[in-house]
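*Asks:* Sequence first, then the predicted structure, then my questions.
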Amino acid sequence: MYICAQGWTRGMKAVSKVVDEFFEKIIDEHVQDARKQQEHHKDFIDVLLSLMDAQQEAAEQLSRSNIKAIMLDMLVGAMDTSATAVEWALAELYRNPRVMKRVQQELETVVGLDRLVEESDLVKLEYLEMVVKETMRLHPVAPLLVPHESMEDIKINGYDIPKKSRVIVNIWAIGRDPRVWSHNADEFYPERFEGVDIDVRGHDFRLIPFGSGRRGCRGMQLGLTMIRLILAQLVHCFEWKLPNGMSPHDLDMGEKFGLSVPMANHLIAIPNYRLVS
Ligand code: HEM
């Protein structure tokens, strides 16, 4: 018999029960809305439910448990990642007042100071996009992606990688490699992306914060939009000050290592409203 001394199994079962009830409630609400044929915008759960209904006769049917598993995947993938990226971006902006000024100037030119930034503004905010890329280069949220498995024997750079090897890609190291990013690889310098065709969408292996290929991040578009919009709104609406006369150079940029890498000590700053009304 196995006894879990720390009570982890019991703890995990309790968490799993709470999460399961939460997902059940969301699914029930969607089923009821669909029954009442209420006019509403069809979301992700509606689509999964209609697939489940359409496949009732099929051999491999999508079940309610499958839907809950997909919801859990989405929740886990989405929760910390965007928040961590925004926090790193803000910390770098504090440490680099020149870059902060340029982001604010771009926002003043494109949006002005009498309304909030909207999602439709994002395409015009080119410098902000460079700031997000530079943040993801130096502070990838998942620095080792997630472990992959090679499907075939392959040779890369003279190394034999047998089929079924566990492959871990160190994008943290790629992002700081001077052979890839030149002598100022450790510097936060968004201008390095000016006029250079490097995106974060998995096409260019120098910068793959969302991974690449068919196991790449499913929520990349949502994640990118959230990071850009939240960062733009925070910088546009507020002037930020560090507490107790702290200098930007005293900021602790230490990392807390895990599957995702947030700041070791969370950023604390004081906002001052800066819009006209
Ligand atoms: C800043 C935001 C995000 C970052 C940096 C990020 C990063 C990643 C990375 C690195 C992977 C592993 C890719 C690989 O190993 O090749 C991944 C997988 C995944 N992400 Fe994200 N993610 C973000 C936001 C989101 C959001 C918002 C969602 C969902 C709404 C999401 C859902 C997923 C899912 C479902 C997977 C697993 C894909 C699979 O295994 O097939 N992610 N993400």
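*Replies:* Yep, that arrived. Model, not experiment: these values are computed from the prediction. Residues are numbered from 1 along each chain as shown.
*Asks:* And the helices in this protein?
*Replies:* Using DSSP state H, the helices of the chain run over 8-35, 44-54, 64-95, 97-110, 126-138, 171-175, 178-181, 220-237.
*Asks:* Looking at those helices, which is nearest to Ala264?
*Replies:* Closest approach to Ala264 among the helices of the chain (CB to CB): helix 64-95, 11.2 Å. All C-beta spots, glycine's among them, are computed from the backbone N, C-alpha and C.
*Asks:* what's the angle from that closest one to helix 8-35?
*Replies:* Angle of helix 64-95 versus helix 8-35, following axes from the mean of the first three to the mean of the last three CA atoms, to 10 degrees, is 100 degrees.
*Asks:* other SSEs contacting helix 64-95?
*Replies:* On a contact count with 3 or more CB pairs under 8 Å, 6 or more residues apart in numbering; DSSP states H and E, helix 64-95 meets helix 8-35, helix 44-54, helix 97-110, helix 126-138, helix 220-237.
*Asks:* Most tightly packed of the helices of the chain?
*Replies:* helix 126-138 (a mean of 21; mean count of other CB atoms under 10 Å).
*Asks:* could you check whether it is close to the ligand?
*Replies:* No. If you take CB under 6 Å from any ligand atom as the test, helix 126-138 misses the ligand, and the best it gets is 6.7 Å.
*Asks:* Close to the ligand: what parts of the stretch 151-277 of the chain are there?
*Replies:* Counting by CB under 6 Å from any ligand atom, the stretch 151-277 of the chain sits next to the ligand at 209-212, 215-219, 222-223, 227.
*Asks:* Closest to Lys155 out of these?
*Replies:* After measuring those against Lys155 - CB to CB - the closest member comes out as Ser212, at 19.5 Å.
*Asks:* Can you give me the distance of that closest one to Ala78?
*Replies:* Distance of Ser212 to Ala78, computed by CB to CB, to the nearest Å: 19 Å.
*Asks:* Near the residue lying closest to Trp88 once chain neighbours are set aside, how many other residues are there?
*Replies:* Closest residue in space to Trp88, ignoring its immediate chain neighbours: His139 at 4.0 Å, by CB to CB, 6 or more residues apart in numbering. When neighbours are counted by other CB atoms under 10 Å, His139 registers 24.
*Asks:* got it, and Arg192?
*Replies:* By other CB under 10 Å, neighbour count at Arg192 equals 17.
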